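Novice: What follows is a predicted protein model with its sequence.
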Amino acid sequence: MILRNGGDAADRLVKAESDVADAVELHKTIMEGSMMQMAPVENIEIPAKGQAELKPGGLHVMLIGLKHELKPGEKIKLKLQFEKAGMQEVEAEVRKP
């Protein structure tokens, strides 16, 4: 997912939620020695007139406590709360990991 900011000021993704999971967290992937680990982050910065890419192995949205098995091709709704842009609802397609 690519978060684009066309505004003149930086913004931040501060929260995400979805009806398909008990919780949704913002995460980053970090290397600890030779082990790759995921860690929560408080927000994801989107620069003015710029973008932030969410992807496996980097910054991402983690769905925790899925309420049902997600199948590739299924579309789910996510609510993204931005510091300045407010709440935005998006649809995301489930892909194979």
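Specialist: The structure has been received and is ready for your questions.

Novice: need the contact list for the nearest residue to residue 74 once chain neighbours are set aside.
Specialist: Setting aside the residues directly before and after it, residue 74 is nearest to residue 94 in space (C-beta to C-beta, 6 or more residues apart in numbering), at 4.5 Å. From N, CA and C alone the C-beta is placed, and that goes for glycine too. Contact analysis of residue 94 by C-beta atoms under 8 Å, 6 or more residues apart in numbering lists 70-76.

Novice: ok, which stretches of this protein are strands?
Specialist: 2-5, 11-17, 21-32, 35-40, 44-46, 50-53, 60-66, 75-82, 86-93 (DSSP state E).

Novice: what helices or strands is the fourth one leaning on?
Specialist: What that stands for is strand 35-40. Using 3 or more C-beta pairs under 8 Å, 6 or more residues apart in numbering; DSSP states H and E as the contact criterion, the elements in contact with strand 35-40 are strand 21-32.

Novice: The strand it packs on pairs with which strands, parallel or anti?
Specialist: If you go by DSSP bridges, strand 21-32 pairs up with strand 35-40 (antiparallel), strand 60-66 (antiparallel).

Novice: Can you mark which positions in that strand are buried?
Specialist: Neighbour-count burial for strand 21-32 flags 21, 24-27 (criterion: 16 or more other C-beta atoms under 10 Å).

Novice: Stretch 76-84 too?
Specialist: Residues 76, 78, 80, 82 are the ones in stretch 76-84 that count as buried (16+ other C-beta under 10 Å).

Novice: where's residue 36 relative to residue 58, distance?
Specialist: For residue 36, the distance to residue 58 equals 11 Å [C-beta to C-beta, to the nearest Å].

Novice: Sounds good, over and out.
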